[in-house]
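S.K.: Provide a 3D model corresponding to the input given below.
(one chain, ligands or ions: 2)
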Amino acid sequence: MIFNIFFLGNAGCGKTRLAYAFNRWLKGRGFKSIVCNLDPAAEYFPYTPDFDIKGYVDARKLMVEEGLGPNGAILSSVDRMLKMFRVWFNDILNYDVDFRIFDTPGQLEILLYRNSAISIISKIGEKGRNVGVFLVEAKLVRDPVSLTVLLMQANITKVRLDMPTVLVISKSDLKLRNDLEMLLSNSEYLENRVVVEGVGGQKSAAILLCKALAQMPWRQRIIKVSSSKRSGFKNLYEIINEAMCVCGDLT
Ligand SMILES: Nc1nc2c(ncn2[C@@H]2O[C@H](COP(=O)(O)OP(=O)(O)O)[C@@H](O)[C@H]2O)c(=O)[nH]1
Ligand SMILES: [Mg+2]
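M.R.: Ligands and ions are numbered 1, 2, ... in the order given. Sure, this is the predicted structure:
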């Protein structure tokens, strides 16, 4: 069985670096693995992907050809990617692999709200098993309200993309909040911190979000990775495997 691993998360959360670093780690363990860039607007890579969608659909070229702005070009690119799916996906299928790592577009909202993007992911899932890795960038979690919003987004992503998804803290070499793991794994604690630390008129709404989160716990141990330090990859590998085998408790 081939695993299709999708690195997901907000722009800058570390998807591209991790795709590269984790791919190398897998290869170092003797697995056959490739990295596929699915971002038609990716400008720069710190590595050369094995497959680059830009060879087929390039948002920058579409801007010129169709007279579109940057966002319009990305949306049009994703629609085009779906139309041409068989053509480019055949390139990926030519690789004999255990793991396909997919680096996804910078803007998470494209995956969440564009039906074409969701169809593409589901079609990829017809050849192998899809698993999502939602990256929570440690630096962004300065306060419990921002974490609440991120966790909500992770849940929305899981629901929308309809695949087993694990939650991972990225850039863990940077200073973390001391109680980050507790905030992530204990929704009552998170809610208490929102009550104590939350500010502004929407605090009561944030508390309601925490209550909703309590109804959809992640039921997994917290995994921390760092692409800079190349740490946490064994744990990431294990939790990805577990997510595929059991659809329940990963604590
Ligand atoms: N300290 C640190 N920085 C990282 C790490 N991974 C990525 N970055 C930095 O975060 C920025 C965005 O990373 P990138 O992988 O391009 O994020 P993406 O937009 O999600 O693909 C870059 O400047 C990276 O150098 C990490 O593990 N540790
Ligand atoms: Mg990227």
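S.K.: helix/strand/coil for residue 166?
M.R.: Under DSSP: H, G, I helix; E, B strand; the rest coil, the three-state class of residue 166 is strand.
S.K.: centre of the chain to stretch 185-202, how far?
M.R.: Offset of stretch 185-202 from its chain centre (C-alpha atoms, centre = their mean, to the nearest Å): 25 Å.
S.K.: what residue in the stretch 51-200 of the chain comes nearest to ligand 1?
M.R.: Going by C-beta to the nearest ligand atom, ligand 1 is nearest to residue 171 of the stretch 51-200 of the chain, at 3.8 Å. To be clear about C-beta, it is placed using only N, CA and C from the backbone, and glycine gets the same treatment.
S.K.: quick one: contacts for that residue?
M.R.: Going by C-beta atoms under 8 Å, 6 or more residues apart in numbering, residue 171 touches 13, 14, 137, 138, 139, 226, 227, 228.
S.K.: for residue 221, give its distance to ligand 1.
M.R.: Separation of residue 221 from ligand 1 (C-beta to the nearest ligand atom, to the nearest Å) stands at 19 Å.
S.K.: wait, that residue sits on residue 236?
M.R.: No. At 11.4 Å, residue 221 does not count as touching residue 236 under the criterion of C-beta atoms under 8 Å.
S.K.: higher neighbour count, those two?
M.R.: residue 236 (21 against 17; other C-beta atoms under 10 Å).
S.K.: now for the longest helix seen in the chain, which elements pack on it?
M.R.: When the chain is parsed with DSSP state H, its longest helix is helix 144-161. Here helix 144-161 touches strand 3-8, helix 108-113, helix 115-124, strand 129-137, strand 165-170, helix 180-185, helix 187-197, helix 203-214, going by 3 or more C-beta pairs under 8 Å, 6 or more residues apart in numbering; DSSP states H and E.
S.K.: partners of the helix or strand just after the last one, with directions?
M.R.: Tracing the chain past helix 203-214, the next element assigned as helix or strand by DSSP states H and E is strand 223-224. Under the criterion DSSP bridges, strand 223-224 sits next to strand 165-170 (parallel) in its sheet.
S.K.: how about the strand it pairs with, does it reach ligand 2?
M.R.: No. Applying C-beta under 5 Å from the ion, one finds strand 165-170 separated from ligand 2 by no less than 11.7 Å.
S.K.: mind checking the pLDDT average for that strand?
M.R.: Per-residue pLDDT values across strand 165-170 average out to 95.
S.K.: what's the answer for stretch 89-107, then?
M.R.: Across stretch 89-107, pLDDT averages out at 95.
S.K.: returning to what we had before: what comes up buried for the longest helix of the chain?
M.R.: For helix 144-161, burial by neighbour count (16 or more other C-beta atoms under 10 Å) applies to 144-145, 147-148, 150-155, 157-158, 161.
S.K.: next: stretch 44-61.
M.R.: Quick answer for stretch 44-61 (16+ other C-beta under 10 Å): 45, 49, 50, 51, 52, 53, 54, 56, 57, 58, 59, 60.
S.K.: which of the residues you listed sits closest to ligand 2?
M.R.: residue 45 (8.1 Å; C-beta to the ion).
S.K.: I am finished for the moment; much appreciated.
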